[in-house]
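Engineer: Need a 3D model of the sequence below.
(one chain, ligands or ions: 1)
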Amino acid sequence: MRADFSAWMTAHQSGFEDVLRSVLPQSDMAPKRLHQAMRYSVLDGGKRVRPLLAFAAGEFAGADVLRVNIAAAAVELIHAYSLVHDDMPCMDDDVLRRGKPTCHVQYDEATALLVGDSLQSLAFQLLSEHELCDEPVQQLGMIKLLAEASGSRGMAGGQAIDLESVGKQLMLPELEFMHIHKTGALIRAAVLLGTQCGKVSTDQLALLDRFGKCVGLAFQVVDDVLDASEDTATLGKTAGKDADCGKPTYVTLLGIPAAREMAKNLHREALEALAEFGAEAGRLRELADFIVLRKF
Ligand code: GRG
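Structural biologist: Predicted coordinates:
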């Protein structure tokens with residue numbers, strides 16, 4: 001019998017925690033402080049949205065879950081690294097993440113820098129040391145995909161634009177460009193990497209790519225709305241930070257009702273991309289709903 005979405009999500013989140021525990025260096029392994037800080041930053045927190053998307057895409061493509069575990073871990077390590085660096089004083093300078101002190105507050109800035117560096121390296125180590133699909137050439141493509149999604153033409157590039165845009169009024173297309181890179185690229189990569197652990201046609205891959213792009217942007221629009229409408233305790237990170245820092249967001253540009261409408265439209269587009277599929281895309285549809293309806 002098919003588990004309901006909430007049971008499916010909880011089971012995957014809990015199983016994935018074990019995967020992360022096993023791929024991260026143990027805390028008693030030298031250099032202990034760095035390894036402890038890496039585990040502190042990755043474990044016991046976060047919604048694991050990107051890994052869940054990889055699992056759902058893997059189910060769609062009939063992938064071996066042991067392979068998807070590794071692809072999902074690589075994406076989550078990149079995400080965790082980005083949060084650690086983003087929270088540092090040279091970037092967003094935040095003290096709270098996932099309901100606990102940020103890495104540089106709990107440890108120190110130099111350690112936080114090295115945590116991010118090491119998580120990023122570990123992500124690519126995982127993708128290169130495990131067999132993720134039957135064709136080595138396809139696996140090289142997967143490594144390239146994550147490198148592009150996280151580098152200067154992806155997440156890091158989006159972050160650069162984000163930092164440059166403080167105190168500026170961006171137009172909607174510029175804001176969209178920034179967020180497609182900063183947040184959307186890694187979410188899209190999670191969908192595609194999960195898919196590529198299994199087998200799909202070129203046409204199916206193109207539709208999943210469209211789905212990934214739409215949920216990636218929807219995720220950020222919702223994030224902007226939550227930042228402006230929920231409190232710090234609910235979010236587990238400092239609420240209202242974007243507006244306080246003078247950062248342009250969908251809310252500052254459009255207002256909350258229009259930003260919500262935009263998220264709804266992106267949600268619809270994401271579901272349209274899956275329209276020709278049947279039950280095999282069920283978890284992807286449910287995740288799209290979760291991303292748009294979430295409260296944290
Ligand atoms: C430092 C290279 C570099 C990039 C940082 C992703 C990012 C770029 C910064 C994070 C800052 C931020 C709050 C972005 C908004 C969207 C986002 C990625 C939110 C956090 O993701 P969630 O909600 O977090 O999935 P959890 O904690 O649930 O994993």
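
Engineer: Which residue comes closest to the residue in the chain that the ligand sits nearest to once chain neighbours are left out?
Structural biologist: Residue nearest to the ligand within the chain: Gly46 (3.2 Å; C-beta to the nearest ligand atom). No exception for glycine: its C-beta is placed from N, CA and C like everyone else's. In space, and not counting its chain neighbours, Gly46 is closest to Arg98: 5.7 Å by C-beta to C-beta, 6 or more residues apart in numbering.

Engineer: Now do the phi/psi pair for the one you found.
Structural biologist: Main-chain torsions, Arg98, degrees, to the nearest 10: phi 50, psi 40.

Engineer: and it, what pLDDT?
Structural biologist: pLDDT for Arg98: 96.

Engineer: residues contacting it?
Structural biologist: Counting by C-beta atoms under 8 Å, 6 or more residues apart in numbering, Arg98 makes contact with Asp44, Gly45, Gly46, Gly236, Lys237.

Engineer: Next up, the contacts around the last one.
Structural biologist: Meaning Lys237. Contacts of Lys237 by C-beta under 8 Å, 6+ apart are Asp94, Leu96, Arg97, Arg98.

Engineer: how about those in JSON lines, adding secondary structure?
Structural biologist: Formatted as JSON lines, the contacts of Lys237 follow (DSSP: H, G, I helix; E, B strand; the rest coil):
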{"residue": "Asp94", "secondary structure": "coil"}
{"residue": "Leu96", "secondary structure": "strand"}
{"residue": "Arg97", "secondary structure": "strand"}
{"residue": "Arg98", "secondary structure": "coil"}
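
Engineer: Pull out the buried members of those residues.
Structural biologist: Among the contacts of Lys237, those classed as buried by neighbour count (16 or more other C-beta atoms under 10 Å) are Asp94, Leu96, Arg97, Arg98.

Engineer: tell me, which of those make contact with the ligand?
Structural biologist: For the ligand, the contacts drawn from the buried ones among the contacts of Lys237 by C-beta under 6 Å from any ligand atom are Arg98.

Engineer: For the stretch 151-296 of the chain, what lies in contact range of the ligand?
Structural biologist: Met155, Ala156, Gln159, Lys182, Thr183, Gln220, Asp223.

Engineer: if we go to 8 Å?
Structural biologist: The stretch 151-296 of the chain comes close to the ligand at residues 155-156, 158-159, 162, 182-183, 186, 219-220, 223, 227, 236-237, 241, 296, as judged by C-beta under 8 Å from any ligand atom.

Engineer: when you check these against the helices, which ones overlap?
Structural biologist: Secondary structure from DSSP state H places Met155, Ala156, Gly158, Gln159, Asp162, Leu186, Phe219, Gln220, Asp223, Asp227, Lys241 of those in helices.

Engineer: any idea how far Asp162 is from the first one?
Structural biologist: With distances defined as C-beta to C-beta, to the nearest Å, the gap from Met155 to Asp162 amounts to 10 Å.

Engineer: which residues are common contacts for these two?
Structural biologist: With C-beta under 8 Å, 6+ apart, Met155 and Asp162 have common neighbours Lys182.

Engineer: need the contact list for Leu253.
Structural biologist: Leu170, Leu172, Leu175.

Engineer: Can you select the buried ones from these in PyMOL?
Structural biologist: In PyMOL, this line selects whichever of those come out buried by 16+ other C-beta under 10 Å:
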select buried, resi 170+175
